[in-house]
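**Student:** coordinates only, sequence not included:
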């Protein structure tokens, strides 16, 4: 695999070619995922749940994210490395810029931020300083208590329209990628068609430009109830490397997500 950059993802978008994304938290799994062809790796604040055992992503600190980013950066191979800005990392523009700078120095090649249209000014300031931004919309785990739980977003027309408008505003502000989580497949398709930038989905239907899952879900080692949008790829593979390859191939061929994984 050639080195994946933002230009690669943009080319996938123009060609109508799907691309695969997966969370990673250390060098060994990052190398295995990259060797399987997975184009984008995410050091997600999901580590708070799957590694640390917390009930949400909120306890994860910038220091912890930076530690795991340095680990993944050493093993990521040709994959593009995207990294989450942790909870309250965008409490002010000054704090946002400082924290994003720390993530980039740790090895991030794109910073993912949660937030709606109000994040436009912050995104604009980041992109002015050369920080590529992925804007996360729909179900934003850092606002789980405000949302009243991990619920599908955009089911009604008003909310769906608002998410689409927020996406447009954030792209205009400079966001290079949009990530949609837990929205109806019809909304995932509408936003993907409306935007010129790549759209990554997790529980957002089969028509987004890319798909992302949490590594532990792909390997079926996550405790508790499995979300609807998750598929156990270990069931169809002999080992971890095979599971990663199958996930990548199914995304590229648009076999995943299937209807049973959509809202």
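**Tutor:** Received, thanks. Model, not experiment: these values are computed from the prediction.
**Student:** Sketch out the helices for the stretch 51-200 of the chain, chain order is fine.
**Tutor:** 62-75, 93-106, 120-128, 144-147, 157-173, 185-194 (DSSP state H, counting those that start in this stretch).
**Student:** can you tell me which of those helices comes nearest to residue 211?
**Tutor:** helix 185-194 (10.3 Å; C-beta to C-beta). Where you see a C-beta, it was placed from the backbone N, CA and C, and this is true even at glycine.
**Student:** So which bits of the helix or strand bottoming out on mean pLDDT in the chain are buried?
**Tutor:** The least trusted helix or strand in the chain, going by mean pLDDT, DSSP states H and E, turns out to be helix 144-147, with a mean of 95. Using 16 or more other C-beta atoms under 10 Å as the test for burial, helix 144-147 gives residue 144.
**Student:** now what about it, what contacts it?
**Tutor:** Contacts of helix 144-147 with the rest of the structure, by C-beta atoms under 8 Å, 6 or more residues apart in numbering, involve 56-58, 139-140, 150, 153.
**Student:** thinking again about what came up before, got the helices of the stretch 51-200 of the chain as JSON lines, with distance to residue 239 columns?
**Tutor:** Listed next are the helices of the stretch 51-200 of the chain as JSON lines, based on distance: least, C-beta to C-beta, whole Å:
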{"stretch": "helix 62-75", "distance to residue 239": "18"}
{"stretch": "helix 93-106", "distance to residue 239": "30"}
{"stretch": "helix 120-128", "distance to residue 239": "39"}
{"stretch": "helix 144-147", "distance to residue 239": "34"}
{"stretch": "helix 157-173", "distance to residue 239": "38"}
{"stretch": "helix 185-194", "distance to residue 239": "31"}
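**Student:** Can you flag the weakest of the ones you listed by average pLDDT?
**Tutor:** In terms of mean pLDDT, the lowest-scoring of the helices of the stretch 51-200 of the chain is helix 144-147 (a mean of 95).
**Student:** Distance from the chain centre to that one, please.
**Tutor:** The chain centroid and the centroid of helix 144-147 are separated by 19 Å under C-alpha atoms, centre = their mean, to the nearest Å.
**Student:** Quick check: the two most widely separated of the contacts of helix 144-147?
**Tutor:** Greatest spatial distance among those (C-beta to C-beta): 58 and 153, at 18.3 Å.
**Student:** ok, the two, which is more surrounded?
**Tutor:** Each of residue 58 and residue 153 has its neighbours counted (other C-beta atoms under 10 Å); residue 153 has more, 23 against 17.
**Student:** What's the end-to-end length of stretch 218-231?
**Tutor:** Start-to-end span of stretch 218-231 (C-alpha to C-alpha, to the nearest Å) is 6 Å.
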